[in-house]
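1. heads up, no residue letters with this:
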């Protein structure tokens with residue numbers, strides 16, 4: 001059995017301290033909201049549904065945790081030594097922290113495993129429901145089984161509204177969930193939610209009438225699936241008698257297990273779970289994953305001033321390719337400043353912007369910023385600012401050469417050593433500003449709007465010379481497999 005080094009103890013302790021502080025802060029801020037409702041005199045007739053998380057604790061930090069979780073999302077290594085350098089920044093605006101797997105599993109006690117797994121440790125959260133005008137019970141426990149899909153039906157029944165059959169002329173599918181209102185004042189009522197499947201990256205689970213069966217196809221610290229799908233080992237638990245799922249009854253009750261496995265397949269067919277896909281980070285990229293893409297193979301996108309908050313899958317994908325950004329702008333007589341177009345933020349992203357009248361491009365590779373800047377100012381009036389990137393090719397996340405032009409004249413060039421291969425993250429693409437955290441320290445958060453006028457910005461993708469499209473796809477898949485092996 002190994003022991004933690006001094007640096008590991010220091011980092012791991014700090015990570016869990018920050019996690020605990022975050023939980024405390026969340027409780028405090030929710031308390032402020034509830035206090036405001038109380039101050040309005042409306043608490044008695046307010047339905048509060050407080051869910052203590054969105055899944056089990058996160059195992060995305062891997063064995064050693066992460067200062068910047070986007071290392072995990074892009075399947076890149078971040079060492080304990082890297083994290084020690086940022087110890088004072090943990091929990092601050094520059095961090096995107098995730099504790100290590102060990103803490104995640106401990107935080108899920110008494111359940112096993114963590115987020116991403118179909119054990120109760122990955123799928124179960126506590127819920128508090130409060131509505132004094134209707135719920136007369138205080139401090140009582142409800143043991144009926146329910147799922148997140150039951151929240152909307154509960155709210156609709158509580159306020160006396162029917163489930164919508166049509167919205168703006170578009171027919172709506174029936175909600176899969178059921179209302180929990182029946183349980184509010186009847187602790188012994190039989191659960192109305194009797195069957196619920198779970199599936200994530202090949203891990204499967206099925207709840208049915210108090211029983212729960214699951215198979216762990218691959219857990220967070222494993223680089224490859226344990227077995228092929230048809231050879232996965234299933235577990236079986238009677239949650240009515242064993243809520244923490246500690247006693248596996250699969251060997252003792254094979255008939256019940258077969259019944260549960262059949263129930264999973266029934267639900268999987270009904271809700272389009274099949275075919276199963278056990279890939280992980282490759283699925284962030286629609287091209288590699290083979291799923292429909294909102295951009296639909298688009299190679300050019302024109303955006304306009306005021307278009308902000310564009311999520312990654314709703315914006316053209318510049319990753320792992322050559323591209324150009326051409327901005328048609330009008331520059332004031334005084335020196336222009338501010339962001340023309342940006343995507344991402346302080347943890348990963350890029351920005352085409354102007355500082356002291358000079359166009360610049362910053363590429364943020366997991367917190368490490370490379371800047372290419374012009375020594376020449378933009379002239380007043382209408383002007384074209386272009387950033388052209390030539391991708392080196394060869395593998396996802398390779399570097400390339402960036403060049404800035406002012407109305408066709410080359411004014412700056414530089415090398416970007418590495419680029420983000422799979423995911424910039426939750427921050428958005430924005431025209432005329434960098435909406436959330438800044439990609440670069442060259443401008444301030446919340447005060448970086450472009451001071452001129454942006455007529456339009458066009459992003460054009462170009463095929464790389466180094467690889468054909470087919471070869472590039474194959475290289476991306478191979479790199480993703482190698483990265484998973486390394487992690």
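-> Great, that's in hand. None of the values given here were measured: they were computed from a predicted structure. Numbering: from 1, shown residues only.
2. ranges for the helices of the stretch 151-300 of the chain?
-> Secondary structure of the stretch 151-300 of the chain by DSSP state H, counting those that start in this stretch: the helices cover 151-159, 254-270, 286-289.
3. for residue 57, find the nearest of those helices.
-> Counting by Cβ to Cβ, residue 57 lies closest to helix 151-159 out of the helices of the stretch 151-300 of the chain; the figure is 21.0 Å. For every residue, glycine as well, the C-beta is placed using N, CA and C.
4. now do that closest one: everything it contacts.
-> Contact with helix 151-159 is made by 47, 49, 51, 131, 134, 162-163, 175, 177-181, as judged by Cβ atoms under 8 Å, 6 or more residues apart in numbering.
5. for residue 98, state which of these is nearest.
-> Distance to residue 98, by Cβ to Cβ, is smallest for residue 51 among the contacts of helix 151-159, at 19.9 Å.
6. beta-bridge partners for the closest one, please?
-> For residue 51, the beta-bridge partners are residue 127 (DSSP bridges).
7. that one contacts residue 146, correct?
-> No. Using Cβ atoms under 8 Å as the test, residue 51 is too far from residue 146 to be in contact (10.7 Å).
8. okay, those two: which has more neighbours?
-> The neighbour count for residue 51 versus residue 146, taken as other Cβ atoms under 10 Å, is higher for residue 146 (19 against 12).
9. please report how far that one lies from residue 215.
-> To residue 215, residue 146 is 23 Å away according to Cβ to Cβ, to the nearest Å.
10. now swap in residue 90 and tell me
-> Remark: distance between residue 90 and residue 215 (Cβ to Cβ) = 36 Å.
11. residues in contact with stretch 252-265?
-> Contact with stretch 252-265 is made by 195, 197, 204-206, 208, 211-213, 234, 236, 249-250, as judged by Cβ under 8 Å, 6+ apart.
12. mind listing what's buried in that stretch?
-> Of the residues in stretch 252-265, 256-257, 260-261, 263-264 count as buried by neighbour count, 16 or more other Cβ atoms under 10 Å.
13. returning to what we had before: could the helices of the stretch 151-300 of the chain be laid out in JSON lines, adding mean pLDDT and distance to residue 76?
-> JSON lines is the format used below for the helices of the stretch 151-300 of the chain (pLDDT from 0 to 100; distance: least, Cβ to Cβ, whole Å):
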{"stretch": "helix 151-159", "mean pLDDT": "96", "distance to residue 76": "36"}
{"stretch": "helix 254-270", "mean pLDDT": "98", "distance to residue 76": "33"}
{"stretch": "helix 286-289", "mean pLDDT": "73", "distance to residue 76": "16"}
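14. I'd like those as CSV, with distance to residue 85 appended.
-> As requested, the helices of the stretch 151-300 of the chain are exported to CSV (distance: least, Cβ to Cβ, whole Å):
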stretch, distance to residue 85
helix 151-159, 42
helix 254-270, 46
helix 286-289, 32
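15. per-residue pLDDT, residue 233?
-> Per-residue confidence (pLDDT) for residue 233: 97.
16. so residue 15, which of the three states?
-> Secondary structure, DSSP: H, G, I helix; E, B strand; the rest coil: residue 15 is helix.
17. that one and residue 56, how far apart?
-> 17 Å.
18. surely residue 342 is in a helix?
-> No. Counting by three-state DSSP, residue 342 is not part of a helix but strand.
19. how much space separates it from residue 106?
-> For residue 342, the distance to residue 106 - Cβ to Cβ - is 38 Å.
20. what do you get for residue 225?
-> For residue 225 relative to residue 106 (Cβ to Cβ), the value is 25 Å.
21. can you tell me the closest non-neighbouring residue to the residue in the chain sticking out farthest from the centre?
-> The outermost residue of the chain relative to its centre, with distances by Cα atoms, centre = their mean, is residue 333 at 42.3 Å. Among residues not flanking residue 333 along the chain, residue 380 sits closest, at 4.8 Å (Cβ to Cβ, 6 or more residues apart in numbering).
22. now do the one you found, the pLDDT please.
-> 94.
23. equivalent analysis for residue 469, please.
-> pLDDT, residue 469: 45.
24. also the one 3 residues further on?
-> Here, the pLDDT recorded for residue 472 equals 44.
25. looking only at pLDDT, what's the mean for stretch 203-222?
-> In this model, stretch 203-222 has an average pLDDT of 94.
26. please apply the same query to stretch 179-193.
-> In this model, stretch 179-193 has a mean pLDDT of 95.
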